[in-house]
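[1] mind looking at a prediction? Sequence and model below.
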Amino acid sequence: MVKIFRKDFFREDLMNIRKTCRIALLLIGFVASPALAEYVSEIEVRGNLNVPLRQVMNKISISPGDEFSSEAAGADIVSILELDSFEDVAISLEAAEGEGVKVVYTLQEKPILASIVFKGNSDVKSRALSRQLEFKAGSFYDSFLVRSGLRAIERYYRDEGYADVRVENYIDEAEAEGFTVTYFIEEGIKQEIEKIVILGILKERPRPIHRLLEIKEGSVFHQGKLEESLENILTHYRNKGYVGAELGHPLITFTPDRSGIHITIKIDEGEKYHIGKVTFTGNVEVPEDFLSSLAFSVEGEVYSDDIIESVIATVHEEYGSRGHIRMGADPSFSYNQESKTVDLNLRIEEGPKVYIRNIFLDGNTLTKDYVIRREIDIEEGEPFDLRKVRDSQSRIYRTGFFSNVRIDMLPAGAEDRTDLVFLLDEQKTGMASLGAGYSSEDKLLGTVRISQENFLGRGQQLSAMWEFGSRKQNYRIDFYEPWLRNTPTPFRFTLYNTMRQRYYGWDNLSASYRETRSGGRLSLGRHFTRNFTGQLRYSLENVRQHDVDTVIADKVPEDRNTTSSITPSLIFDTRDLPFDPSTGYILSISNQLAGGILGGDQSFSKLEGVATYFQPIVWKFVGVLNLNVGSIFTFGQTDRAPIYERFT
């Protein structure tokens, strides 16, 4: 049972008075008892029929061997009553067989609630009504929860459109197995909104205002949605500069048969205001000129609560980046009726500069601590820097090992010290899949894929793929270490074999051939900054063209070539999540150099540039804009670029 104090303060007062009186009487009795100075030799609990003994004993502070204390006995009574399973608790002292006294706790359990019955509910199922109650059959009877359940049922019906619902409850105490609570319900008529009228829209367009309504004509009336609609309208006006906008109390009327509701909302728009001067007082750490520069862009803008909140948030972030995480910014406004402007003053309470004592990680059961800590920009002993902490939080999340990363701060024994805690929710990072299929071209096919994005909790990625069939043998093994020897040096090793059908257009005909690539790649990089990375990759690849259609045999000869190349590249990446980006962009430029002193059968230089931009559109949809440019030229004994390296 959960005791709810917020709904009935009178009941809480009665409980406290009862506890206080009983404790006081017990203390008087104990003071008069000659055995008060005795030691406790035994503890006995009586009267607990449904509550486990261990649960009661956990609330008892007196132990055998202790000197009996009336204060401890009184505290035990309070603790046991807080279980909310007993009507009464009494403590008595009895003579023990040997030395000392036996302390006896005599309990009177609350009666059991045997069943809950609903009568009169024809439109709403009893199961839905049961979910509105904070108790269930088999629990201890609590009259307060029974009454609060009545009000909860009424609220549920009204939210479903039954404004005239009436609910009463009856308690049947006759059953030996416990009480039965019966709720008698008169549902009334389900009422729908027939008409909504908004009066007073003079300076704004009516259609956007009506779109702010959470209630619609033809839907059931919901008081909470009506209040939310009024709040939406008022917020809209204040964000459009109408600082004095007011909404009258909505007029709600019923049709003669009370089946329909008419709602009338009246708006007093007032005048539109702009933001005037933004000033600051109480600032010492941050100069006023600098603070003013943060807010300069909003001066002259149409007044908006959202803009004011953004200014306050910007000031908080600036102070937070300087260690003043407990600062306050109290806004005050001055309204100029003639110029229709609102001047804003922020009274700053900087508070002490806070330093980080310890950084703790909580929740990583698989991932090693060092894998997480290398993503944290801030160090112990440094001033608290809100920007660095948030950036660290983002970087930890971007690893893909955690479904959620939260930040908490714990007291560190001094006003200017705090402990920083990263609360982590690990997620599964391994995947295994098996597949099978059949096609007329490749016949029977099978696929096996295994990947682990956080191998042994070290942040390493290991994956293997094998596609097999009568005409296909593709495989790929990939290993990636993002921090080689715990330095910002990404390392990757890949082995692969792929075969695919390629097409070559000639004289308006399409002909095909097979291309098989096998080889390996070895790359080493360096993170110069959090977003800027340089990389050097070496590739050794064997490419074979075979099964060429005769119609293109002179264009695509059957051949086998080995390419040995190095590819330096630069990458600038601001994406929020590399594995599933929704914002940011990635820019890369690379130049593959093959042949020459590297050996191989082909000599060429292949320059490529890629730009990809991600932008949220609506809901969970993300727009992607991609641009690829490149050029290739040959040198040495290679006259033409290999067909398999050309841009298509």
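    Arrived safely, thanks for sending. In this text the structure is predicted, and so the values were computed from the model without any measurement. Residues are numbered from 1 along each chain as shown.
[2] and R640, which of the three is it?
    coil (DSSP: H, G, I helix; E, B strand; the rest coil).
[3] got a pLDDT number for it?
    At R640, the pLDDT value in this model is 88.
[4] surely G623 is in a strand?
    Yes: G623: assigned to a strand according to three-state DSSP.
[5] how many neighbours does it have?
    11 (other C-beta atoms under 10 Å). Using the backbone N, CA and C atoms, a C-beta is placed for each residue, glycine as well.
[6] show me what it is bridged to.
    Q615 (DSSP bridges).
[7] residues touching it, list them.
    Contact partners of G623, counting by C-beta atoms under 8 Å, 6 or more residues apart in numbering, are 614-617.
[8] what of I201?
    Applying C-beta under 8 Å, 6+ apart as the definition, the contact partners of I201 turn out to be 209, 267, 269.
[9] three-state assignment of it?
    Three-state call for I201 (three-state DSSP): coil.
[10] all helices for the stretch 101-250 of the chain, in order.
    Ranges of helices within the stretch 101-250 of the chain are 126-130, 143-159, 206-211, 223-239, based on DSSP state H, counting those that start in this stretch.
[11] which residues sit against the shortest one?
    When you say that, I think you mean helix 126-130. When contacts are taken as C-beta under 8 Å, 6+ apart, the neighbours of helix 126-130 outside the stretch itself are 116, 118, 121, 136, 153, 156, 183.
[12] if we use 7 Å, what do you get?
    With C-beta atoms under 7 Å, 6 or more residues apart in numbering as the test, helix 126-130 has contacts from 116, 118, 121, 153.
[13] out of these, which sit inside strands?
    Counting by DSSP state E, the part of those found in strands is 116, 118.
[14] so the most centrally placed residue in the chain, which of the three states?
    With distances taken as C-alpha atoms, centre = their mean, N404 lies nearest the centre of the chain, 6.2 Å away. Each residue gets one of three states, and N404 gets strand by three-state DSSP.
[15] settle this for me: it is touching E426, isn't it.
    No: checked against C-beta atoms under 7 Å, the pair N404 and E426 is beyond contact range at 9.5 Å.
[16] where does the stretch 51-200 of the chain dip in pLDDT?
    Counting by pLDDT under 70, the low-confidence segments of the stretch 51-200 of the chain come to 173-177.
[17] which of the contacts of G623 sits closest to V315?
    The nearest member of the contacts of G623 to V315, counting by C-beta to C-beta, is P616 at 26.9 Å.
[18] burial of the closest one, as a residue count?
    P616, neighbours per other C-beta under 10 Å, totals 11.
[19] pLDDT score assigned to it?
    P616 is assigned 92 on the pLDDT scale.
[20] and it, what does it touch?
    By C-beta under 7 Å, 6+ apart, P616 lies in contact with 582-583, 622.
[21] which of the residues you listed are buried?
    Listed as buried from those is no entry at all; burial here means 16 or more other C-beta atoms under 10 Å.
[22] as JSON lines, those with pLDDT and distance to E246 would be great.
    Listed next are the contacts of P616 as JSON lines, based on pLDDT from 0 to 100; distance: C-beta to C-beta, whole Å:
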{"residue": "S582", "pLDDT": "91", "distance to E246": "39"}
{"residue": "T583", "pLDDT": "92", "distance to E246": "38"}
{"residue": "V622", "pLDDT": "93", "distance to E246": "40"}
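[23] sorry, back to before: and the two most separated of the contacts of helix 126-130?
    The most widely separated members of the contacts of helix 126-130, counting by C-beta to C-beta, are I116 and N121 (12.3 Å).
[24] which of these two has more residues huddled nearby?
    Looking at I116 and N121 with other C-beta under 10 Å, you find the greater number of neighbours at I116, namely 22 against 19.
[25] what residues are up against the closest residue to E44 other than its chain neighbours?
    Closest residue to E44 apart from its sequence neighbours, by C-beta to C-beta, 6 or more residues apart in numbering: V104 at 5.0 Å. Residues in contact with V104, defined by C-beta under 7 Å, 6+ apart, are 44, 46, 92, 94.
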